[in-house]
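Sequence unavailable; structure follows:
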């Protein structure tokens, strides 16, 4: 099942960073890895790409993946107990990818968020419509001492025709995390174009795999071997290793 990991990577890390900030590799709690049998090969692949620290970010989304510190912590413990995990030499910790919705607002009110190191919070919009007062929410998060990071802004098609929202949010101090899968053209041509536009505007603060499964790993692997990857990395100074 997992022979797509058979190729050995170069000894030198392929990424310009060693910390993965966005992936769905905790077992059985969202639409990512369904169990530890799938999680371990994904972690092994990241290790071969030069990743030394992984921040797992399972979905926290109203009505679909209403994860809590308990459910996320339990999945983390299951993975860490696997004997093979200890052989990977990867530092694993967890936070979440928070959908901006009523559930998230309630979590904030209860002080039950799971921040990344440095009190960073990975937040995302719905793909159908933007959160109605995202600027106010970013400001409120900052007042609470959090540093918001907007996950994959290049994937929100409703922003494409009026890109000023990107500059406004970034100027407000909301950092951006772009998916390697977007730059690789995995989703669609327009998403790739917007990701590259964000690169050209120097608005890419973090890169993430957003890896859910082996198919994602294969696409990222092909992208890492491309000239496009080399070109894009010349224009990005990711802050991944600050987390």
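Received, thanks. Since the model is a prediction, treat every value here as computed from it, not as a measurement.

ok, residue 67 to residue 30 distance?
Going from residue 67 to residue 30 by CB to CB, to the nearest Å gives 7 Å. For every residue, glycine as well, the C-beta is placed using N, CA and C.

Count the residues that sit near residue 186.
19 (other CB atoms under 10 Å).

on that earlier part again, find the residues that touch each one of residue 67 and residue 30.
Common contacts of residue 67 and residue 30 (CB atoms under 8 Å, 6 or more residues apart in numbering): 58, 59.

tell me the mean pLDDT for the host helix or strand of residue 87?
Element membership for residue 87 (DSSP states H and E) is helix 83-88. Confidence over helix 83-88 (mean pLDDT, whole number) is 96.

Give the buried residues for that helix.
In terms of neighbour count (16 or more other CB atoms under 10 Å), helix 83-88 has its buried residues at 85, 88.

List the first helix or strand encountered after that helix toward the C-terminus.
strand 91-94.

Give the pairing partners of that following strand; include direction for each.
Sheet pairing for strand 91-94, assigned by DSSP bridges, gives strand 53-56 (parallel).

Run through who's touching the partner strand.
18-26, 43, 46, 72, 76, 90-95, 116-117, 243.

mind redoing it with 7 Å?
18-21, 23, 25-26, 43, 46, 76, 90-95, 116, 243 (CB atoms under 7 Å, 6 or more residues apart in numbering).

Check stretch 76-94 too.
26-27, 36, 39-40, 43-44, 47, 51-56, 72, 114.

So which of the residues you listed belong to helices?
Among these, the members found in helices (DSSP state H) are 36, 39, 40, 43, 44, 47, 72.

neighbours around the third one, how many?
With neighbours defined by other CB under 10 Å, the count for residue 40 comes to 22.

excluding its backbone neighbours, what's nearest it?
Nearest non-adjacent residue to residue 40, counting by CB to CB, 6 or more residues apart in numbering: residue 84, 5.3 Å away.

Can you say which of the contacts of strand 53-56 are buried?
For the contacts of strand 53-56, buried by 16+ other CB under 10 Å: 18-21, 23, 25-26, 43, 46, 76, 90, 92, 94-95, 116, 243.

So which of these is the closest to residue 139?
residue 116 (19.3 Å; CB to CB).

Quick check: the gap between that closest one and residue 31.
Between residue 116 and residue 31 the computed distance is 20 Å (CB to CB).

swap in residue 135?
28 Å.

go on, residue 163?
Taking CB to CB, one finds residue 163 at 28 Å from residue 31.

ok, back up a step: quick one: distance of the helix holding residue 87 to the chain centre.
Centroid separation for helix 83-88 versus its chain: 23 Å, with CA atoms, centre = their mean, to the nearest Å.

and what of stretch 188-207?
The answer for stretch 188-207 is 15 Å, by CA atoms, centre = their mean.

now stretch 147-167
15 Å.

Pull the most distant pair out of the contacts of stretch 76-94.
44 and 114 (24.8 Å).

How about stretch 119-135, which residues are buried there?
Quick answer for stretch 119-135 (16+ other CB under 10 Å): 120, 121, 122, 123, 124, 125, 131, 134.

how about a markdown table for these, with distance to residue 208 added?
Shown next, in a markdown table, are those (distance: CB to CB, whole Å):
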| residue | distance to residue 208 |
| --- | --- |
| 120 | 12 |
| 121 | 14 |
| 122 | 9 |
| 123 | 13 |
| 124 | 11 |
| 125 | 16 |
| 131 | 20 |
| 134 | 20 |
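
Appreciated, that's everything.
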